[in-house]
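1. have a look; sequence and predicted model below, questions after that.
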Amino acid sequence: MNEGRLAANRLKSVLLKDKLNMSEGFMRALKNDLGRVLSYYMNLRADGVEVFIDGEDDGYTVRIKAAAQGIRQIKAI
């Protein structure tokens, strides 16, 4: 990704966070909570969980990116 595109994406992210009134603490808590839930089912890699929130006129799109080394075997009832 070139530097101009990276800067534009960063600016878009900052403006969206400002529009949504989302603090860094909120995003950190959201990432931690999602990582904890996903780790019940998968062996997540150390690079963690990424969360992307895009604002729309009619709501939001939330995308989660996480890499796993494997799926945990759980007992179903």
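-> Thanks, I have it.
2. from now on I want contacts and neighbour counts done on CA atoms only, so please keep to that.
-> OK.
3. give me the most central residue, this structure.
-> Nearest to the centroid of the C-alpha atoms of the chain, with distances taken as Cα atoms, centre = their mean, sits residue 51, at 1.0 Å.
4. what pairs with the helix or strand that contains that one, parallel or antiparallel?
-> Following DSSP states H and E, one finds residue 51 within strand 42-56. Taking DSSP bridges as the criterion, strand 42-56 sits next to strand 59-71 (antiparallel) in its sheet.
5. which positions within the strand it pairs with qualify as buried?
-> Of the residues in strand 59-71, 66, 68 count as buried by neighbour count, 16 or more other Cα atoms under 10 Å.
6. what do you get for stretch 34-50?
-> Neighbour-count burial for stretch 34-50, counted by 16+ other Cα under 10 Å, picks out 34-35, 38, 42, 44, 49-50.
7. and the furthest pair within these?
-> 42 and 50 (15.4 Å; Cα to Cα).
8. could I have the lowest-mean-pLDDT helix or strand in the chain exported to PDB, CA atoms only?
-> Comparing every helix and strand of the chain by mean pLDDT, DSSP states H and E singles out helix 3-20 as the least confident one, with a mean of 74. What follows is the C-alpha trace of helix 3-20 in PDB, where atoms were taken according to Å, rounded to 0.1, in the frame of the first residue of the first chain:
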ATOM      1  CA  GLU A   3       2.000   6.200   1.600                       C
ATOM      2  CA  GLY A   4      -0.800   8.400   0.100                       C
ATOM      3  CA  ARG A   5      -3.400   5.600   0.400                       C
ATOM      4  CA  LEU A   6      -2.200   4.700   3.900                       C
ATOM      5  CA  ALA A   7      -2.600   8.400   5.000                       C
ATOM      6  CA  ALA A   8      -6.000   8.600   3.400                       C
ATOM      7  CA  ASN A   9      -7.200   5.400   5.200                       C
ATOM      8  CA  ARG A  10      -5.800   6.700   8.500                       C
ATOM      9  CA  LEU A  11      -7.600  10.000   8.000                       C
ATOM     10  CA  LYS A  12     -10.800   8.200   7.200                       C
ATOM     11  CA  SER A  13     -10.400   6.100  10.300                       C
ATOM     12  CA  VAL A  14      -9.800   9.100  12.500                       C
ATOM     13  CA  LEU A  15     -12.800  11.000  11.100                       C
ATOM     14  CA  LEU A  16     -15.100   8.000  11.500                       C
ATOM     15  CA  LYS A  17     -14.000   7.500  15.100                       C
ATOM     16  CA  ASP A  18     -14.700  11.200  15.700                       C
ATOM     17  CA  LYS A  19     -18.100  10.900  14.100                       C
ATOM     18  CA  LEU A  20     -19.000   7.800  16.100                       C
END
